[in-house]
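1. coords below, sequence missing:
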């Protein structure tokens, strides 16, 4: 099949390097249009593919997919557009082309060619002059790159394919709070007790009306002002609620830790439920995400013996990714970036006579292992609690890579604060943490809870309010 002619050409989407790192399969997501990869982008991918940074795997995946599409097509076809096939006996969906570097001297350049962003923009301008009838769009996660492109009269946009919400306020909180009594206005309900647990069945229409039109899905928590709490365990035309008395939830313990508010109480309920294989906790600093998850993981591993080990990892800042250059074992290399975990183990044992001995005992009994993200790829964790700290700094593709490492009988806990994203080109709405929370909404083995901040101290409270 020939590449589209410019006479009736679909749009041409030119991808920046950061888009392919964010989503290595991005070239498949532009429907019938032409996807263009600048040669400069291929060079950047090549430079990063063998680095020790965790983006190296994304670069290699993107390169493999590009090679798979281009195959052994002749040079002219590669430059004009190779059909993208999504399977045998199926028509092509779009085209992929490689844009060669700009032809001409530096004096002809629109922008100074002292960096790759400028080189890409200059080449797009030249390409547009060569194909005046084709509409071109630069797709980049880099805000400044988009601003520069627009200043040069190039249409530019962010990559939104894996963005499930437009506003972080739309993010699934995991619970609905009801004023007064939940049962006000509920006229028909069937209640039954099974194995000591009370269940309530009522129509979806009735519960949605009571919740003010809020979406109802499996593992959504409900709370009212009269001490009633429940979790949705079935959500079809009829909704089944598992009765959870808030007073009982507030007195539930995990490794000696009790919740300090209703939000922590429902979070702890989700963390301690072995039937929930993925739990996502979001919230500001001081909301208790890490200590709740750690206490629950130790309880499930040491006391209940449901898991054999606790694997802890986190997204590290770009400057800290080259663990290979640090001395010591993998765990020793990760220690500086997992200090919050050690701090919280100490916090759980502050009243012990031998604090250091207690921490060492827990780490040994619970078999707590610190792993760098780079080393998790290709591993499979059986009967493990996998804790992903600072997961707001991961892309959706990176989150998928880690979560798919969870083997039989494992539980994954994702922790993060969407207001503290340190990764370039990620935002609260494009973060992998947001993506996983929304994508798994309604999955019967997953729950998500947004926690509220609890100041660590009066000093922290004053600083939060006045600085």
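-> That came through fine. Remember, it's a predicted structure, so these values are computed and weren't measured experimentally. Numbering: from 1, shown residues only.
2. Please count neighbours and contacts with C-alpha atoms only from this point.
-> Noted.
3. Let me know how buried residue 157 is, in neighbour terms.
-> When neighbours are defined as other Cα atoms under 10 Å, residue 157 has 19 of them.
4. can you pull up the bridge partners for the nearest residue to it once chain neighbours are set aside?
-> Spatial nearest neighbour of residue 157, excluding adjacent residues (Cα to Cα, 6 or more residues apart in numbering): residue 139 at 5.1 Å. On the basis of DSSP bridges, residue 139 is bridged to residue 15, residue 157.
5. Quote the end-to-end distance of stretch 223-239.
-> This stretch, stretch 223-239, spans 16 Å end to end (Cα to Cα, to the nearest Å).
6. Please identify the buried residues of it?
-> Under the neighbour-count criterion of 16 or more other Cα atoms under 10 Å, stretch 223-239 has 223-224, 228-235, 239 buried.
7. Out of the residues you listed, flag the one nearest to residue 150.
-> Closest approach between the buried residues of stretch 223-239 and residue 150, by Cα to Cα: residue 235, at 46.5 Å.
8. helix or strand for residue 79, which one?
-> Using DSSP states H and E, residue 79 maps to helix 75-80.
9. What strands line up against the next helix or strand after that helix, and which way round?
-> Per DSSP H and E, the first helix or strand lying C-terminal to helix 75-80 is strand 82-83. Strands that pair with strand 82-83, judged by DSSP bridges, come out as strand 95-99 (antiparallel).
10. Could you point out the helix or strand that follows the strand it pairs with?
-> Next helix or strand after strand 95-99 toward the C-terminus (DSSP H and E): helix 116-130.
11. Which residues does that next one contact?
-> With contact meaning Cα atoms under 8 Å, 6 or more residues apart in numbering, helix 116-130 is reached by 38, 40, 101-102, 109-113, 134, 136, 145, 149, 152, 154.
12. so it versus strand 95-99, what angle?
-> On the basis of axes from the mean of the first three to the mean of the last three Cα atoms, to 10 degrees, helix 116-130 is oriented at 110 degrees to strand 95-99.
13. now the strands for the stretch 151-300 of the chain?
-> Counting by DSSP state E, counting those that start in this stretch, the stretch 151-300 of the chain has strands at residues 155-157, 175-178, 190-194, 197-203, 221-224, 228-235, 238-245, 278-282.
14. Who does residue 228 form a beta bridge with?
-> residue 245.
15. quick one on the thing from earlier: need the strands of the stretch 151-300 of the chain in JSON lines with distance to residue 292, can you?
-> Formatted as JSON lines, these follow (distance: least, Cα to Cα, whole Å):
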{"stretch": "strand 155-157", "distance to residue 292": "39"}
{"stretch": "strand 175-178", "distance to residue 292": "17"}
{"stretch": "strand 190-194", "distance to residue 292": "29"}
{"stretch": "strand 197-203", "distance to residue 292": "24"}
{"stretch": "strand 221-224", "distance to residue 292": "17"}
{"stretch": "strand 228-235", "distance to residue 292": "19"}
{"stretch": "strand 238-245", "distance to residue 292": "19"}
{"stretch": "strand 278-282", "distance to residue 292": "10"}
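16. Buried deepest among these, which one?
-> Per-stretch averages of neighbours, counted by mean count of other Cα atoms under 10 Å, single out strand 278-282 among these, with a mean of 27.
17. Can you give the strand pairings for that one, parallel or anti for each?
-> Sheet pairing for strand 278-282, using DSSP bridges, gives strand 411-416 (parallel), strand 446-450 (parallel).
18. pull the helix or strand with minimum mean pLDDT from the chain.
-> Counting by mean pLDDT, DSSP states H and E, the chain has its least confident helix or strand at helix 330-334, which shows a mean of 62.
19. Any regions of the protein where pLDDT drops low?
-> Counting by pLDDT under 70, the chain shows low-confidence ranges at 1-9, 52, 104-109, 316-338, 454-456, 460-461, 464-465.
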